[in-house]
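Enquirer: coordinates only, sequence not included:
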């Protein structure tokens, strides 16, 4: 159900669901939030997503128009740096001019600290970013925008309050009641799953790990592309769940096939027949690798095999952490009747894919390389095909 204020204003449809205003010193946090919002299908104004549009523009006029006229909501990431910047002050004034005309809370303050900002009264509700992970903050934004099918539930609100003061048993009790009231309450599954992971961390009781996995699986039944659910499922696999030999000292993956392919003018490639193994595969995920190549994985095996990729791939160091960029860039792709897929332009650009490419099989997943890049990498690392 969309936010009631937005639905009343359908005749004023905006270009962006939300615009982000922040100081450059706070970019690390904001960047992760922006990528998660984009992965959730939310149309967000974030400068690094708009480089082509911003190029050559009169930024003073263009950004004022964005923050005053083009977004349904704006988030002001308040910090000591935000107060001192010339550009953030321009953005703030544009947002406040719009807020003056609206009958709803157009400016959504989120604080890194208690810095005073002109026009932002102490009585205005804000989010304390020190108490929110990126995933928790993005879920809150989705609810505010109306990108959630969850109606208000007192049990859920109580659960969040208990969670924040670390009364986890009471939080689980309230989240469970919220789920009983609405089996599609994805936020309640998320928080309850996180608590089960916390309880596992201190008890090493595998029942908590299994309960967390069930909650994140239930999230994916509701939203198959939910990034937070995928991320925490990968954390569960990283804790050794369902890995009989543990995760240390895993033998490196061997290359099972190499197939040279051509990228056509529409950005399409034809997948190798062996990927299908007589199966009807229509749900594939494509995303970025740690180096300049792409990863292709079946949707129903994504969480386990993306973890395997980070731990077993011959293409990377053993102990590297899971990349949030890999999760944020992950998206479904459609396969046509002749086994072709369209690789999105930003992924082709990331991997340097223009005309000649190669698909490399690594067991449960495949990588897609520019042909010359892959040849150089093979020579440098003495890779052999089985």
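Expert: All right, it came through fine. Because the structure is a prediction, the values reported are computed rather than measured. Numbering: from 1, shown residues only.
Enquirer: can you list the domains in the protein?
Expert: The chain breaks down by automatic domain parsing into domains covering 4-145, 154-238, 257-381.
Enquirer: what residue ranges in the stretch 201-350 of the chain score low on pLDDT?
Expert: Low-confidence segments of the stretch 201-350 of the chain (pLDDT under 70): 235, 237-255, 274-282, 290, 299-329.
Enquirer: I'd guess residue 42 is in a helix, am I close?
Expert: No: going by DSSP: H, G, I helix; E, B strand; the rest coil, the assignment for residue 42 is coil, not a helix.
Enquirer: and it, how far from residue 367?
Expert: 29 Å (Cβ to Cβ, to the nearest Å). In this view, the C-beta of every residue, glycine as well, is placed from N, C-alpha and C.
Enquirer: which one's more surrounded, these two?
Expert: Legend: neighbour count by other Cβ atoms under 10 Å for residue 42 and residue 367, higher for residue 367 (21 against 17).
Enquirer: what pLDDT does the more buried one get?
Expert: Looking at residue 367, its pLDDT stands at 85.
Enquirer: who's it bridged to?
Expert: Residue 367 has these beta-bridge partners by DSSP bridges: residue 295, residue 360.
Enquirer: just checking, it touches residue 360?
Expert: Yes: taking contacts as Cβ atoms under 8 Å, residue 367 lies within contact range of residue 360: 4.7 Å.
Enquirer: so which elements touch the helix or strand containing residue 64?
Expert: For residue 64, the element it lies in under DSSP states H and E is helix 59-65. Helix 59-65 is packed against helix 86-101, with contacts defined by 3 or more Cβ pairs under 8 Å, 6 or more residues apart in numbering; DSSP states H and E.
Enquirer: how far does the helix it packs on sit from its chain's centre?
Expert: 28 Å (Cα atoms, centre = their mean, to the nearest Å).
Enquirer: same question, stretch 191-204
Expert: Centre-to-centre, stretch 191-204 and its host chain are 22 Å apart (Cα atoms, centre = their mean).
Enquirer: repeat that for stretch 343-362.
Expert: Centroid separation between stretch 343-362 and its chain, computed with Cα atoms, centre = their mean, is 21 Å.
Enquirer: what does stretch 256-266 contact?
Expert: Stretch 256-266 is contacted from outside by 269-270, 272, 274, 342-343, 348, 353-363, 371, 385-386, using Cβ atoms under 8 Å, 6 or more residues apart in numbering.
Enquirer: first-to-last residue distance for stretch 260-270?
Expert: Across its full length, stretch 260-270 reaches 10 Å end to end, with Cα to Cα, to the nearest Å as the criterion.
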